[in-house]
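In: Give me the fold of what follows.
(one chain, ligands or ions: 2)
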Amino acid sequence: MSEHFKPRVLVVMGVSGSGKSSIALRLRDETGWPFQEGDELHPKDNVAKMAAGTPLTDEDRWPWLDRCADWIRERLEAGSGGLLTCSALRKVYRDRLGEGVPGLQFLYLKVSAEVLRERLQRRRGHYMPPSLLPSQLATLEEPTTDEPALVVPVERTVDETAADVLAVLRRLDSQGK
Ligand SMILES: Nc1ncnc2c1ncn2[C@@H]1O[C@H](COP(=O)(O)OP(=O)(O)OP(=O)(O)O)[C@@H](O)[C@H]1O
Ligand SMILES: O=C(O)[C@H](O)[C@@H](O)[C@H](O)[C@H](O)CO
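Out: Ligands and ions are numbered 1, 2, ... in the order given. Predicted coordinates:
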């Protein structure tokens, strides 16, 4: 049985290859919160575009972000907690997802460009080509300190990183935050 954590909706964010899916799945196992892979909410044209090596535009992303926002809102209303992977690269995207709504928290996976390049080169069986990394990094606006985001460097193992996040959640729970 998983440990009890106060239900929160966490958006696990960062560029392609930062480890969103890997970390979110570990956190799902530990918290028991519902999990949604944000990549699965992309309209199929978006996936085809990325697979062909073309970066998405803001216009491509809005319908996808709206689907992500719907999922977040449902989870908040249900009070079940939730884990969504979503690159959420720009501040306006995070606003669209509902940043600032109580109970919604972002978890930013901060990884150096070198490590990202290496991970994406090694990854197999994913539509996102490593050639899109520069555009992902160019689009990224890291969350600032006045945003409700936890920032974790993820150049250690998935288990170590997940343990760090759980420690933060326990601390927030014990402080009644
Ligand atoms: N902490 C880690 N240490 C080493 N390798 C990792 C780590 N986290 C993830 N990886 C590996 O890096 C690759 C990218 O991870 P993952 O698919 O979880 O990233 P992602 O952010 O969900 O990517 P995308 O947004 O493109 O779907 C995978 O091959 C994964 O096994
Ligand atoms: O905003 C974006 O450009 C996209 O969401 C990408 O980040 C991908 O969906 C994901 O990272 C691919 O695997």
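In: Identify the neighbouring strands of the lowest-mean-pLDDT helix or strand in the chain in the sheet and state each direction.
Out: With mean pLDDT, DSSP states H and E as the measure, the helix or strand of the chain carrying the lowest mean pLDDT is strand 149-153 (a mean of 88). According to DSSP bridges, the neighbouring strands of strand 149-153, each with its direction, are strand 104-110 (parallel).
In: Could you list the buried residues of the strand it pairs with?
Out: For strand 104-110, burial by neighbour count (16 or more other Cβ atoms under 10 Å) applies to 104, 105, 106, 107, 108, 109. For glycine as for every other residue, the C-beta is placed from the backbone atoms N, C-alpha and C.
In: who does the third one bridge with?
Out: With DSSP bridges as the criterion, the beta-bridge partners of residue 106 are residue 11, residue 149.
In: I'd like the numbering to begin with 16 instead of 1 from here.
Out: Got it, the first residue is 16 from now on, which makes the last one we talked about residue 121.
In: how about it, what does it touch?
Out: For residue 121, the residues meeting the contact criterion (Cβ atoms under 8 Å, 6 or more residues apart in numbering) are 25, 26, 28, 103, 109, 114, 158, 162, 163, 164, 165.
In: Tabulate the residues you listed (CSV), appending distance to ligand 1 and neighbour count.
Out: Below are the contacts of residue 121 laid out as CSV (distance: Cβ to the nearest ligand atom, whole Å; neighbours: other Cβ atoms under 10 Å):
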residue, distance to ligand 1, neighbour count
25, 14, 25
26, 12, 28
28, 9, 25
103, 11, 28
109, 16, 24
114, 19, 20
158, 16, 20
162, 19, 17
163, 20, 14
164, 16, 19
165, 16, 17
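In: Noted, bye for now.
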